[in-house]
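Peer 1: Quick one: sequence plus predicted model below, questions after.
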Amino acid sequence: MRIGIHSLAHTHGYSYLRVLAERPGVEVGLVDTPPLEGSPRGPEAAAAYGARYFDDLDQLLSWHPDGVIVCTETSRHREATEKIAGAGIHVLCEKPLATSLTDADAMIEACAAAGVHLMTAYPVRFSRPLAALQATLESGQLGELVSYAGTNNGKLPSERAWFSEPAESGGGAIMDHTVHIADLLTVLLPDTEATSVLAAANTMINSDRARAETGGLVSIAYANGVIGTIDCSWSRPDSDLVWGGLTLQVLGTGGLADMDAFDSQQISGFSGEQGRPLRRDYGEDANAAMLTAFLDGIRTGVAPQPDGRSGRRSMAIALAAYESLATGSPVRPG
């Protein structure tokens, strides 16, 4: 099987290169888009992971890959996805799916018309903590779900300046970090829609380095009465051991449950030589599980989840949060 990676503008592209390089029977091709400020180039990365490097997307597509992972700046997702789908090739697209609902709809329609899969890259969907939380809810131990509180905090992605350029990313911390937990709520609340989004934001942290909001709190109400909040801030210091983390607490009529997506499998220590704390993660890799689902979908013809419509649903919540910031009122997602 041949899998292409379109751009390393998004840092997850390196993780996908690493994971795919270890998969037997998978050939990897890479093309990097002309970089915006802070975006890297890819020939060195291709050489390091044994991937074949191409000068542009047309060359990559002429290699006839079975699937392509789109890791460009978010503003470029639509153009890339339409071209890849037009070549009859399956797409795994980084989150958020697009910077506008118009672009997201066009991507979904292009893939449907071409008869190819459009999967959205939400690796936390494949984490063991989420599976455990979902099983606990479905068992009835927590009773009826009442509310939730999520956090997706991280460092300011200063090594990729485009993340805080709204024209390229669609926003700032709200766009970057609301969508992951909004997608988890899609899993936990599969039969109900978000009806109201209210947001607050500021630039108190790293205001000298970002052109978008760096702190945000988004409140989402659902049609079944469930309410809660998402803290989506770029609030971790640059010196932190990890980029950030994701937690989700859910409250039911019969109990409370907490999920921590990244801290359950780690070893912590201190380096006397370096004079600083250390952390080493171990165990399953949610990115690897997500890529397995994408590859299995190509092999079997069964569309993998989360699909393009799931990606649209979560980004609609983030876009509603920006509208709420502008109006000062709750907004119904589009």
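Peer 2: Nice, thanks for sending it over. Numbering: from 1, shown residues only.
Peer 1: From here on, just use CA atoms for contacts and neighbour counts.
Peer 2: Noted.
Peer 1: where does Ala221 land on pLDDT?
Peer 2: Ala221 is assigned 98 on the pLDDT scale.
Peer 1: need the contact list for the closest residue to it other than its chain neighbours.
Peer 2: Once flanking residues are discounted, Ala221 sits nearest to Ile227: 4.4 Å by Cα to Cα, 6 or more residues apart in numbering. Neighbouring residues of Ile227 by Cα atoms under 8 Å, 6 or more residues apart in numbering: Val146, Ser147, Tyr148, Ser219, Ile220, Ala221.
Peer 1: By mean pLDDT, flag the weakest helix or strand of this protein.
Peer 2: strand 276-281 (a mean of 58; mean pLDDT, DSSP states H and E).
Peer 1: Check what contacts whichever helix or strand comes after that strand and list those residues.
Peer 2: For strand 276-281, the following helix or strand on the C-terminal side (DSSP states H and E) is helix 286-300. Residues outside helix 286-300 that contact it (Cα under 8 Å, 6+ apart): 15-16, 19, 66-67, 90, 92, 117, 119, 121-127, 302-305.
Peer 1: can you tell me which of the residues you listed are in helices?
Peer 2: Ser15, Tyr16, Val19 (DSSP state H).
Peer 1: Of those, which is the most crowded?
Peer 2: Neighbour counts for the ones in helices among the contacts of helix 286-300, by other Cα atoms under 10 Å, peak at Tyr16, which reaches 19 neighbours.
Peer 1: Nearest residue to it in space, please, no chain neighbours.
Peer 2: Excluding the flanking residues, the one nearest Tyr16 by Cα to Cα, 6+ apart is Asn287, at 7.3 Å.
Peer 1: Tell me how far the one you found lies from Val124.
Peer 2: From Asn287 across to Val124, the span is 8 Å (Cα to Cα, to the nearest Å).
Peer 1: Could you do Ala173 as well?
Peer 2: The value you get for Ala173 to Val124, if Cα to Cα is used, is 18 Å.
Peer 1: One more: Asp66?
Peer 2: 24 Å.
Peer 1: More neighbours: which of Ala173 and Val124?
Peer 2: Higher neighbour count among Ala173 and Val124: Ala173, with 33 against 22, using other Cα under 10 Å.
Peer 1: so the more buried one makes contact with Ile230?
Peer 2: No - contact criterion Cα atoms under 8 Å: Ala173 and Ile230 do not qualify, at 11.3 Å.
Peer 1: spatially speaking, which residue is in the middle of this protein?
Peer 2: Lys95 (4.0 Å; Cα atoms, centre = their mean).
Peer 1: what's the closest non-adjacent residue to that one?
Peer 2: Here the residue nearest Lys95, using Cα to Cα, 6+ apart, is Ala121, at 5.7 Å.
Peer 1: what pLDDT does that neighbour get?
Peer 2: On the pLDDT scale, Ala121 gets 98.
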